[in-house]
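Engineer: based on what follows, work out the 3D shape:
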Amino acid sequence: MTTLPAASADALAISQRLVHAIQAEIRQRGGWMPFSRYMELALYAPGLGYYAAGSRKLGAAGDFTTAPEMSALFGRALARQLAELLPQTANILYEFGAGTGKLAIDILSELQALNALPERYCIVDLSPDLIERQQHNIRQALPHLAERVQWLDQLPEQLDGVIIGNEVLDAMPCELIHWTPEPQQRGVALDGEHFVWADRAIEDPQLLQLAQAIEPRHNDYLSEISPANIGFIHTLAQKLARGAVLLLDYGFPAAEYYHPQRHMGTLIGHYRHHTVDDPFFLPGLMDLTCHVDFSAAAQAGIDAGLDLIGYTTQAQFLINAGITQLLEQLDPADAAAYLPHAAAIQKLLSPSEMGELFKAIGFGKGVSIDWSGFLRGDRCYTL
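Structural biologist: Residues are numbered from 1 along each chain as shown. Presented below is the predicted three-dimensional model:
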C-alpha cells in the first residue's frame, strides 16, 4: 500500500472541524445525507471545504495538475478558437473555475497577439483562495490587461459572449446510485464517529427518472449521475442570448460511462498527486471528482435550446486549433524553453495520457456552427 504524504497539524485541524460539521448535519437530517451533499461540503463548505480553504491545490506542490499549468500552448490553442467566436458576440469572455488564473493569462496573451482581445474577461469561481491567487497572478503577468478582467459572484441575467470551462463539470457534486438491480440512492450515515455508506430509496422524481433510464446490465452496479451538470448547462442556456459554450473535461459518452465493466463508478479522490479510493479520507484536504457523462451534458444543452456544435477528444480539438503549429514556432535549439512544452504536449495529446480521456464539447446559440476545433474528428455520433 502506498504511504500518503502527511498533512500538517493546521491542515488536520481544519479537516477535523469539517468532519464535525458534516457529522452535525447528518444528525440534524436524521442520520443520513445524500452523497452529493457530503461532496458539496467536502469541497465547498465556507472556510473548511477543499476549494474554500487555503490549501494549495494546483501544480507540483498541490494535489493535481491541470492542462493550463502544464503548458501555455494549451491556452494559446484555445484562444485561437475563441478568436473566431468572440466577434460574433458582444465580445465578452466568461471563464468558470479559473484555477490559478494561468488559463486566463495564456488566453489573453494569445488574443492580444491575434489582435482579438475581448472587451471583458469575466471569471466566475467559488474558491476565495483561488480568486485571490488569480487576481495576483493576472496583475503580475498582464498588468496592462488586468483592468479588462472582472470577478463575478453571480451570473448576469443575460449572457452575450463566449463561455469556457476547463475541468469544471467534474468538480460539481454528483449523486451516487447503486443498482441492485433496482436503483437506490447512496448516502452517508454515521457508525459512531465514522462515516459509512447507506443506501435508500430514491425520493427525488428527477433523479429517479434519470436512474431508471440507465440500464447498467450488472446486478450490483455503482455509478454517478450529475443533476448538477445538467442544471449548470440549463442555466447557461437560459441566460445565453447569443454566444458559445466550450467545456473541456475528462469523461465518456453514456455507453462507455455505464459499461458493465465500470461497475464501481468513476468517483476518485486526489491528494498530493496520489489517487485515493476512499472519499472519507481527510475531508477538506482532498479533492473529490467524478468523470463527466457527456451524453447527459449534450442532451441537457439540446433540451435547453442550444445547438450541439461538436464533441471530440481533447487531442483532436487541440490539434484542430493549431497547438502543433504553436509548438513549431518555438526554437528547438533553445532546449530550456522548447523541451518542457514538447513534453507537456505529449501528455496533452497522447491517447495513453490526457489526449483520449479528456474531451471537448461545444454548444452555440446564434453563432456559426463551423468551429475550427471540431473541423476534423467530431464524435457527436457516439453520444
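Engineer: contacts for the longest helix along the chain, please.
Structural biologist: Of all the segments of type helix in the chain, defined by DSSP state H, the longest one is helix 9-28. The contact list for helix 9-28, computed with Cβ atoms under 8 Å, 6 or more residues apart in numbering, reads 7, 32-33, 37-38, 41-42, 45, 48-49, 53, 55, 188-190, 193, 195, 282-285. Every residue, glycine included, has its C-beta placed from N, CA and C.
Engineer: I'd guessed residue 376 sits against residue 320; true?
Structural biologist: Yes - counting by Cβ atoms under 8 Å, residue 320 is a contact partner of residue 376 at 5.8 Å.
Engineer: who has more neighbours out of these two?
Structural biologist: residue 320 (22 against 11; other Cβ atoms under 10 Å).
Engineer: quick one, what contacts the more buried one?
Structural biologist: 312, 372-377.
Engineer: for the helix or strand hosting it, list every residue counted as buried.
Structural biologist: Assigned by DSSP states H and E, residue 320 belongs to helix 314-321. Buried positions in helix 314-321, judged by neighbour count with 16 or more other Cβ atoms under 10 Å: 314-321.
Engineer: which is the succeeding secondary structure element to it?
Structural biologist: helix 323-328.
Engineer: which strands and helices sit next to that next one?
Structural biologist: Contacts defined by 3 or more Cβ pairs under 8 Å, 6 or more residues apart in numbering; DSSP states H and E place helix 323-328 against helix 72-85, helix 335-349.
Engineer: check which residues of the longest one are buried.
Structural biologist: In terms of neighbour count (16+ other Cβ under 10 Å), helix 335-349 has its buried residues at 341, 344-345, 348-349.
Engineer: CSV for these, including distance to residue 199 and pLDDT?
Structural biologist: As requested, the buried residues of helix 335-349 are exported to CSV (distance: Cβ to Cβ, whole Å; pLDDT from 0 to 100):
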residue, distance to residue 199, pLDDT
341, 48, 88
344, 42, 88
345, 44, 88
348, 39, 92
349, 41, 91
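Engineer: farthest-separated two in the residues you listed?
Structural biologist: 341 and 349 (12.0 Å; Cβ to Cβ).
Engineer: which one's the longest strand in this structure?
Structural biologist: Counting residues, the longest strand found in the chain (DSSP state E) is strand 240-252.
Engineer: direction-wise, compare that one with helix 314-321 and give the angle.
Structural biologist: 130 degrees (axes from the mean of the first three to the mean of the last three Cα atoms, to 10 degrees).
Engineer: average pLDDT for strand 240-252?
Structural biologist: Mean pLDDT, strand 240-252: 97.
Engineer: report all helices and strands that it contacts.
Structural biologist: Against strand 240-252 (3+ Cβ pairs under 8 Å, 6+ apart) you get helix 72-85, strand 159-166, strand 292-293, helix 294-303, strand 358-365.
Engineer: now, of those, which is deepest in the fold?
Structural biologist: strand 292-293 (a mean of 29; mean count of other Cβ atoms under 10 Å).
Engineer: list the buried residues in stretch 269-284.
Structural biologist: 269-272, 276, 279-280, 282-284.
Engineer: could you do stretch 11-20 as well?
Structural biologist: 11, 14-15, 17-19.
Engineer: can you give me the helices in the stretch 151-300 of the chain?
Structural biologist: 205-212, 227-239, 254-257, 294-303 (DSSP state H, counting those that start in this stretch).
Engineer: show residues contacting the second one.
Structural biologist: What that stands for is helix 227-239. 36, 155-159, 163, 168-169, 172-175, 206-207, 210, 245, 292-293, 296-297, 300-301, 303-306, 363, 365.
Engineer: give me that answer again for 6 Å
Structural biologist: 155, 158-159, 169, 172-173, 245, 297, 300-301, 304-306 (Cβ atoms under 6 Å, 6 or more residues apart in numbering).
Engineer: also the last one?
Structural biologist: Applying Cβ under 6 Å, 6+ apart, the contact partners of helix 294-303 are 229-230, 233-234, 251, 253-254, 308, 359, 361, 363, 383.
Engineer: mean pLDDT for the helices and strands packed on helix 323-328: which is lowest?
Structural biologist: Among those, helix 335-349 scores lowest, with a mean of 88.
Engineer: now do it against strand 358-365, angle only.
Structural biologist: Going by the same axes, to 10 degrees, helix 335-349 makes 70 degrees with strand 358-365.
Engineer: could you list the low-pLDDT ranges of the chain?
Structural biologist: By pLDDT under 70, the low-scoring segments of the chain are 1-2, 54-64.
Engineer: ok so, going back, any of the contacts of residue 320 buried? List them.
Structural biologist: Buried among these by 16+ other Cβ under 10 Å: 312, 373-374.
Engineer: filter the residues you listed down to the ones in strands?
Structural biologist: Secondary structure from DSSP E places residue 312 of the buried ones among the contacts of residue 320 in strands.
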